[in-house]
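**Student:** 3D model of this:
(chains A and B)
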Amino acid sequence: MQATEAIKVLVGVGEPLIGRLLTYDALGMRFREVKLRRDPNCPLCGASPTIKDLAIHADGRGDACAATPDGDGQPARAATARAGG
Amino acid sequence: MKTLKEMITEARQVVPEEGPADLQRRLRAREPVTVIDVRDPDEYRDGHIEGATNISRGFLEFRVGSVAADPETPIVLYCQTGLRSVLAGKALKELGYKNVINLQGGYQKWAQSGLPTVREAPLTTDQIQRYSRHFLLPQVGEKGQHRLLRGKVLLIGAGGLGSPTALYLAAAGVGTLGLMDGDTVDITNLQRQVLHTTADIGKPKVESGARTLKALNPDVNVVALPTRITADNVMDVIKDYDLVVDGSDNFETRYLVNDACYLAGKTNVHGSIFQFEGMATVFAPNEGPCYRCLYPTPPPAGLVPS
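**Tutor:** Here you go, the predicted structure:
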């Protein structure tokens, strides 16, 4: 699946999975698609980003994963979408 | 009888012209536009505008339908100096295409303006055979194959996700594959990490991976990077690639790859897997969300594939 997406992007054809999350359940053999939206408060690609370089990933900083605008540990959006839909 | 000059004057009345800068702006903005190079194939091979489809003037009416299905989408035509293409434009107008534009001054003016061009080395006989099934697909064709051969993809991880992805990309003829992984092959990897064989146990994964990929397709330049991706090396590594495939197995690396790709403006083809569940998406900077939009914080263990 990743290979197909890479080839599509390189060749410039089709609709890549931009803004869509495709999930695959091998036991049930089911595919599901969840729409993804940009988060305006995203600390990286949002309107007022707080991550402008890779400093939070520097050695000894354990908080690289947890960079949220307000650090409230809100649940992951896709997980919510999956549970609800 | 009309003179050539009269024919061209007539054509110019129905086919508007745009200069190289206008076309460059359309392409940069990724506007929907079909660019057709109406010159002969040898002229096209010598140098053309990236993304242009070559349909020689003589075949234009027969083949235009395969690249331009919608009569409203703008079509920009060009030839060497802009004369053949203006006549071609008139023919397309007569076919019912509403928005046909002639590139003023043609390829010559485009190239003289210092705008980027691409030149393709002709495919070898072996390559023509190897990729012949791609040529049967109108969406790929020879043009798509050249893009694949020029393509540079960095694979983060040569494990469960990186293995099949690398094999398919090598088989398809992606010209440069960077393989980045600091691990060595363990017997427990072999039931799913199909780049490696039993004889490779104990060897660096990028070494066995590079050997497998080269054996599959000698066209591919495999760059083996036997190191773990870190904040210190990531920017320097990804700058050489068009596209990153994240096949890593932990959240720390995913956030790092995500942040680096966004900052460097590289598309990140993301995948993850856990037991029987997998997921895939594509993060394209400024075109869609990033990994942090999806997971502002790492999800609790077991909730999503890792």
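**Student:** tell me which helix or strand B:Leu213 sits in.
**Tutor:** Element membership of B:Leu213, judged by DSSP states H and E, is helix B:205-216.
**Student:** care to break the chain down by domain?
**Tutor:** All of this refers to chain A. As assigned by automatic domain parsing, chain A contains the domains A:1-37, A:39-69.
**Student:** my question was about chain B, not that one.
**Tutor:** Under the assignment automatic domain parsing, the domains of chain B span B:4-112, B:151-294.
**Student:** if we can go back for a sec, let me know the next secondary structure element after the helix holding B:Leu213.
**Tutor:** strand B:221-225.
**Student:** and the helices in chain A?
**Tutor:** For chain A, the helices defined by DSSP state H cover A:2-11, A:77-84.
**Student:** by mean pLDDT, show me the worst of those.
**Tutor:** Lowest mean pLDDT within the helices of chain A: helix A:77-84, at a mean of 38.
**Student:** so how far is the lowest-mean-pLDDT helix or strand in chain B from its chain's centroid?
**Tutor:** Sorted by mean pLDDT, DSSP states H and E, the helices and strands of chain B end with helix B:41-46, the least confident at a mean of 85. Computed by C-alpha atoms, centre = their mean, to the nearest Å, the chain-centroid distance of helix B:41-46 equals 20 Å.
**Student:** and it, what does it pack onto?
**Tutor:** Packing partners of helix B:41-46 (3 or more C-beta pairs under 8 Å, 6 or more residues apart in numbering or on different chains; DSSP states H and E): none among the helices and strands. Using the backbone N, CA and C atoms, a C-beta is placed for each residue, glycine as well.
**Student:** who's in contact with the following helix or strand past that helix?
**Tutor:** For helix B:41-46, the succeeding helix or strand toward the C-terminus, using DSSP H and E, is strand B:53-54. By C-beta atoms under 8 Å, 6 or more residues apart in numbering or on different chains, the residues outside strand B:53-54 that reach it are B:Thr34, B:Val35, B:Ile36, B:Asp37, B:Arg39, B:Pro41, B:Tyr44, B:His48, B:Val67, B:Lys143.
**Student:** run a quick neighbour tally on B:Leu169.
**Tutor:** By the criterion of other C-beta atoms under 10 Å in any protein chain shown, B:Leu169 has 27 neighbours.
**Student:** one more: B:Ile201?
**Tutor:** 15.
**Student:** I figured it hits B:Thr188, correct?
**Tutor:** No. The criterion here is C-beta atoms under 8 Å, and B:Ile201 misses it with B:Thr188 at 9.9 Å.
**Student:** quick one: residues contacting the spatially most central residue of chain B.
**Tutor:** The residue lying closest to the centre of chain B (C-alpha atoms, centre = their mean) is B:Arg147, at 5.4 Å. By C-beta under 8 Å, 6+ apart, B:Arg147 lies in contact with A:Leu10, A:Val11, A:Gly12.
**Student:** which residues touch the last one?
**Tutor:** A:Gly12 makes contact with B:Gly51, B:Gly144, B:Arg147, according to C-beta under 8 Å, 6+ apart.
**Student:** which secondary structure state does the residue lying closest to the first one once chain neighbours are set aside sit in?
**Tutor:** Of all residues not flanking B:Gly51 in the chain, B:Val35 sits nearest, at 5.8 Å (C-beta to C-beta, 6 or more residues apart in numbering or on different chains). Here B:Val35 is strand, with the state taken from DSSP: H, G, I helix; E, B strand; the rest coil.
**Student:** okay, B:Val35: pLDDT?
**Tutor:** 96.
**Student:** residues in contact with residue 2?
**Tutor:** Answering for chain A, as no chain was given. By C-beta under 8 Å, 6+ apart, the residues touching A:Gln2 are B:Leu161, B:Thr165, B:Val245, B:Gly247, B:Val269, B:His270, B:Gly271, B:Ala280.
**Student:** actually, chain B is the one I wanted.
**Tutor:** B:Lys2 makes contact with B:Glu10, according to C-beta under 8 Å, 6+ apart.
**Student:** I'd guessed B:Leu263 sits against A:Leu54; true?
**Tutor:** Yes. When contacts are counted by C-beta under 8 Å, B:Leu263 is listed as touching A:Leu54 (7.3 Å).
**Student:** report the set of residues contacting both of these two.
**Tutor:** Contacts common to B:Leu263 and A:Leu54, judged by C-beta under 8 Å, 6+ apart, are B:Met235.
**Student:** mind telling me what element B:Tyr97 is part of?
**Tutor:** Short version: B:Tyr97 belongs to no helix or strand, going by DSSP H and E.
**Student:** how about the strands in chain B?
**Tutor:** All strands of chain B, identified by DSSP state E, fall at B:17-18, B:34-37, B:53-54, B:75-78, B:100-103, B:152-156, B:176-180, B:221-225, B:243-246, B:267-274, B:277-283.
**Student:** lowest mean pLDDT across those strands, which one is that?
**Tutor:** strand B:53-54 (a mean of 91).
**Student:** run me through the strand neighbours of that strand, direction for each.
**Tutor:** Sheet pairing for strand B:53-54, assigned by DSSP bridges, gives strand B:34-37 (parallel).
**Student:** for the partner strand, buried residues please.
**Tutor:** Residues B:Thr34, B:Val35, B:Ile36, B:Asp37 are the ones in strand B:34-37 that count as buried (16 or more other C-beta atoms under 10 Å in any protein chain shown).
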